[in-house]
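Colleague: generate coordinates for the sequence data below:
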Amino acid sequence: MTSTTQTTINDTFQLYDLLVEVICPLGEPIFCGAKPGDSFRLEGEMLHLPPGQGFSIYSLSAVLPLLAAKQRATHPNDWMSTDAEIACPDPHCKSRLRITRTGLRTFSHAAVTAVPLVAGVSESGDIGR
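Modeller: Take a look at the predicted model:
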């Protein structure tokens with residue numbers, strides 16, 4: 001009698017949804033075209049703007065490199081866990097962009113990439129020997 005053993009690999013991972021809001025100090029001139037309360041949401045890899053609202057590409061360029069890291073779980077002492085406001089890239093503009101984690105979303109590796117998981121690869125990406 002032959003028995004077949006199947007190993008099911010859990011290919012799920014989680015990312016935080018993010019809200020990025022413009023913070024404008026009262027009475028200060030704003031040069032990036034932003035208005036207090038302007039925002040966008042990041043859900044997985046999808047960026048969502050509210051209907052009819054724009055967002056400066058220069059402001060976006062200041063925050064974009066941080067978003068993928070902010071989506072991931074980090075150590076509580078890591079600055080990525082504690083620091084949430086990013087300065088406008090215009091040195092004369094006093095606005096800031098606040099990044100807030102708003103929820104946790106679960107994804108399947110197979111649903112987001114064609115690259116298969118490899119047995120023996122640790123969560124850190126190191127290949128077990």
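
Colleague: hey, where'd the strands end up in this protein?
Modeller: With DSSP state E, the ranges of strands along the chain come out as 12-23, 39-43, 46-48, 85-87, 96-108.

Colleague: so which of the ones you listed comes closest to residue 62?
Modeller: strand 85-87 (5.5 Å; Cβ to Cβ). To be clear about C-beta, it is placed using only N, CA and C from the backbone, and glycine gets the same treatment.

Colleague: if we look at the longest helix along the chain, which residues are touching it?
Modeller: Looking across the chain with DSSP state H, the single longest helix is helix 57-70. Helix 57-70 is contacted by residues 16, 18, 20, 22, 32, 34, 42, 80, 86-90, 95, 97, 99, 101 when judged by Cβ atoms under 8 Å, 6 or more residues apart in numbering.

Colleague: mind redoing it with 6 Å?
Modeller: Helix 57-70 has contacts (Cβ atoms under 6 Å, 6 or more residues apart in numbering) with 18, 20, 32, 42, 80, 86, 89, 97, 99.

Colleague: from those residues, which has minimum pLDDT?
Modeller: Lowest pLDDT among the contacts of helix 57-70: residue 32, with 83.

Colleague: which non-adjacent residue is nearest that residue?
Modeller: residue 56 (4.6 Å; Cβ to Cβ, 6 or more residues apart in numbering).

Colleague: what does the pLDDT read for that neighbour?
Modeller: 90.
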